[in-house]
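Visitor: Take this sequence and fold it.
(2 chains)
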Amino acid sequence: MTEVLRDTRWEHFPHAADVGVRGFGPTMEAAFAAAALAMTDVAADPEAVAPRSKVEVACEAPDPELLLVEWLNALVFEMATRRMLFARFAVRVTPGSGGPWTLTGEAWGEPVDAARHGLGVEVKGATYTALKVAPAPGGWMAQCVVDV
Amino acid sequence: MDLGRLTRVSDVEWHIPQAGPMRVPGVIFGGQDLVLDMDDKVFEQVVNVATLPGIVKASFAMPDAHWGYGFPIGGVAAFDPDDGVVSAGGVGFDISCGVRTLTTGLTHDQVAPRVKALVDALCAAVPAGLGSTGRVHLSPKEMDRMLAGGASWAVGEGYGRPEDLARIEEHGRMEGAEPDAVSPRAKQRQQDEMGTLGSGNHYLEVQEVAQLYDETAAKAYGLAKGDVLVTIHCGSRGLGHQIGTEFLREMVTRAAGHGITLPDRELACAPLRSELGRRYLGAMRAGINCALANRQIITHLVREAFSRVLPGVDLPLLYDVSHNTCKAEAHDVDGVRRRLFVHRKGATRAFGPGHPDVPEPFGAVGQPVLVGGTMGTASYVLAGTARGMEIAFGSACHGAGRAMSRHAAKKRWRGREVVDDLAARGILVRSPSMRGVAEEAPGAYKDVGAVANASEAAGLARRVARLKPLACVKG
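Guide: Have a look, this model is predicted:
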């Protein structure tokens, strides 16, 4: 698995009502992990979140772009139902050969603490808007808009 | 938006002529300044919606329209039941997100000395913000009853009063909800979220009626200048979001199988007659009931908080409107009465006088249309019109509409400063998220007054009252 640490490149990009999350990395997997960190930054300050416990997720989709949405939505579900924030991610993507692309991922984080986490807004879901997974200088870029 | 691409029909109505794959024209309502400020993406999205199968009359954008997902936020589109589609993107993630306003029977002078105690009590009573949990936890059986019964279920559980139901669209219970069409994951997401406000643009606000425009309608709505109101803005919480997520995915992957070419994946839709379309309608209606139940529980919590601070106060429900819905309605199209599935994405139903779904005390003046503004400017109460029924399937704007991205707002303002500035102007804000407050700064929104004016000028709804915020709990 490609583990992405806190200094990985990610950014937000503007959307009129919501927020675009974009990750860059040397591999598609690293870019997916960086996009997840960008999503955490919508909800809280990732620097304030301690990677105390691990949650595992798995998903699949017909192509890498739809897989990014599945990955982020799997994390949204875990954040919502466990009331956790995640600050570290590891992703393994298995390309589909005639079948779906699959992803197994790990997310490390801790329960939401309003006093400590510098809360932003809740993410309702990842969307197909401005969705792109593509090679970028130095590796890969993965992005979409998340609804808040 | 480049006005050169539009045909000007009047000062507040602009058309996009039907061309290429469009099945109907596009219609954008709004004054020149509002339309100029709209993102070009709104144009693109209005055009894309116009290409969907079975769309009737036009693809509409309300005066507060802005760039959404697939549909613009502020988009309205109606579809034929036989040839048409239902779109999970056209309803949105926060199914039935809406606004509910309660009257207090108190004037500003009576409430002013207690506003601080009131906002603190409201803040303590209603769980708000990311990670907050409600006090109502439902067993699987009870969850299904809630999804089938909406606000009507909540009243049966002791949240609010039977007379509240007459003041809610669908009498508080959306027919045709199918709890079985809602996934276990969606229900799991709702487990601890009943009676929570959420975050982002959701709020609970104490307001004063600052100005009346239509005395007759104001009287029917029970509004007088100086009256204090409470408004709740929230939706279907995690359950609605998960329904949106799951059906969007299924509609995207099955579009080709349904013979649908999507100009944008977010326009994901399914034929109304298909198994998927019917299943989505059942789940989406359950989502509407979840939102209605949620606002009903919050209403109960608000009433309790008020009575602790101002004993003996009664808080009757003025009205409850939903924004993100697809509903089967009868409308006249070219002189023929037709049953249509009307999507309103960030738009409010605004039925005119005499419509059978408008409750009796408002029958002569039209449905109350509650337009949420910002915590620093104003909100509006409008009334549905006969003209709005003719031109836009009885629909109107839903809020101020964002003018600036959250990204830009966060860079421009600091939450603490926004709270202090508003406090200096006599508006008390409470929120667990200072960053959220910065992103929701009043300056990040369009001029809600211009949006209300344009809605009135276009004939979509007429202005009844302007409300001024006194205190706000922001999620």
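Visitor: Where does the residue of chain A positioned farthest from its centre sit: helix, strand or coil?
Guide: The centre of chain A is farthest from one residue, A:Gly98, which by CA atoms, centre = their mean lies 25.6 Å away. Secondary structure, DSSP: H, G, I helix; E, B strand; the rest coil: A:Gly98 is coil.
Visitor: Over to it: give its phi and psi.
Guide: When quoted as degrees, to the nearest 10, the phi and psi of A:Gly98 stand at phi 80, psi -10.
Visitor: does any bit of the longest helix that chain A contains sit next to chain B?
Guide: Longest helix in chain A, counting residues (DSSP state H): helix A:64-82. Yes: looking at helix A:64-82 against chain B by CB under 8 Å from any CB of the partner chain, the contacts come from A:66, A:69-70, A:73, A:76-77, A:80-81. C-beta: built from backbone N, CA, C; applies to glycine.
Visitor: Most neighbours among those, which one is it?
Guide: A:Ala80 (26 neighbours; other CB atoms under 10 Å in any protein chain shown).
Visitor: residues from chain A in reach of chain B?
Guide: A:12-20, A:43-44, A:62, A:66, A:69-70, A:73, A:76-77, A:80-81, A:83, A:111-112, A:114, A:118-122, A:124-129, A:131, A:145, A:147-148.
Visitor: Separate out the buried members of these.
Guide: Among the residues of chain A next to chain B, those buried by neighbour count (16 or more other CB atoms under 10 Å in any protein chain shown) are A:12, A:14-20, A:43-44, A:66, A:69-70, A:73, A:76-77, A:80-81, A:112, A:118-122, A:124-129, A:131, A:145, A:147-148.
Visitor: Could you tell me which of those belong to helices?
Guide: Counting by DSSP H, these place A:43, A:66, A:69-70, A:73, A:76-77, A:80-81 in helices.
Visitor: pLDDT weak spots in the chain?
Guide: All of this is about chain A. Residues of chain A meeting the criterion pLDDT under 70: A:1-7.
Visitor: Chain B is the one I meant
Guide: For chain B, no range has pLDDT under 70.
Visitor: What residue in it comes nearest to chain A?
Guide: B:Gly131 (3.1 Å; CB to the nearest CB).
Visitor: So for that residue, what's the nearest residue that isn't a sequence neighbour?
Guide: A:Val112 (3.1 Å; CB to CB, 6 or more residues apart in numbering or on different chains).
Visitor: Surely the one you found is in contact with A:Arg82?
Guide: No: counting by CB atoms under 8 Å, A:Val112 does not reach A:Arg82; the two are 9.2 Å apart.
Visitor: Tell me which residue is most central in chain A.
Guide: By CA atoms, centre = their mean, chain A has its centre lying nearest to A:Ala36, at 1.7 Å.
Visitor: Which strand or helix spans the closest residue to that one other than its chain neighbours?
Guide: In this structure, A:Ala36 finds its nearest non-sequential neighbour in A:Phe89, 4.7 Å apart by CB to CB, 6+ apart. Using DSSP states H and E, A:Phe89 falls within strand A:84-94.
Visitor: Name every strand pairing with that strand and say which way it goes.
Guide: The strands that strand A:84-94 pairs with in its sheet are strand A:2-4 (antiparallel), strand A:101-111 (antiparallel) (by DSSP bridges).
Visitor: Which one of those strands lies nearest to B:Ala177?
Guide: strand A:101-111 (32.8 Å; CB to CB).
Visitor: circling back to that earlier point, compute the number of surrounding residues for the residue of chain B closest to chain A.
Guide: 24.
Visitor: what does A:Ala130 give?
Guide: Should you count by other CB under 10 Å, A:Ala130 turns out to have 17 residues around it.
Visitor: No further questions, thank you.
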